[in-house]
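**Q** Pasting the sequence and the predicted coordinates here, then a few questions.
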Amino acid sequence: MTRLSVIATLAAAFAVSRAIELTFELPDNANQCFYEEIKSGEDVLFEFQVVTGGQYDVDLTVEDPHGKILYKGQKKQYDSINFKTDSPGEYKACFSNEFSTFSHKVVYMDWQIGDGNSLHSGPKGAAAVAAHAQATSTLDTLATSIGDKLRVSMIIAQ
């Protein structure tokens, strides 16, 4: 596969949606917020999971740009929230570990914005999944090839 076709495949996969993933540490007795600028009318999927720490639970509040609470969960280990944005602006997800006085947590979170939320439904979704899988496979193959060439170069240099 040529570089141009790899770039085209990646562009097709990411044109449908965008995703932001983050794993972070939430100290005991702390509150931490994350912000995402989102256009009006977008389908949004927000997911989180406590990876380590204490009872594996956190509080979470998700708000729209006007401060309207879209989701409020207490002492949750994980959850998935779907919503459609009513207005453009900065959406906020705030995690709280204020109820814990000695146990910090490691939390994974993921914003998926756009048509990618319905990746498993409809022909457009199926095409996006196929394009994403193709791009991932291509990147994996290229990374392996680069690694092999670097190992050979290091052996020759010695």
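**A** Yes, it's here.

**Q** make it CA atoms for all contacts and neighbour counts henceforth
**A** Fine.

**Q** Next secondary structure element downstream of the least confident helix or strand in the chain by mean pLDDT?
**A** Ranked by mean pLDDT, DSSP states H and E, the weakest helix or strand in the chain is helix 3-15, scoring a mean of 43. Of the helices and strands lying after helix 3-15 in sequence (DSSP states H and E), the nearest is strand 17-26.

**Q** just checking, what packs against that next one?
**A** Packing contacts for strand 17-26, counted by 3 or more Cα pairs under 8 Å, 6 or more residues apart in numbering; DSSP states H and E, involve strand 105-114.

**Q** pLDDT of the strand it packs on, averaged?
**A** Averaging pLDDT along strand 105-114 yields 95.

**Q** List the pairing partners of it within its sheet, with orientation.
**A** strand 17-26 (antiparallel), strand 43-52 (antiparallel) (DSSP bridges).

**Q** mean pLDDT lowest for which of those strands?
**A** The weakest mean pLDDT among these belongs to strand 17-26, with a mean of 88.

**Q** now that one, how far from the chain's geometric center?
**A** How far strand 17-26 lies from its chain's middle: 4 Å, per Cα atoms, centre = their mean, to the nearest Å.
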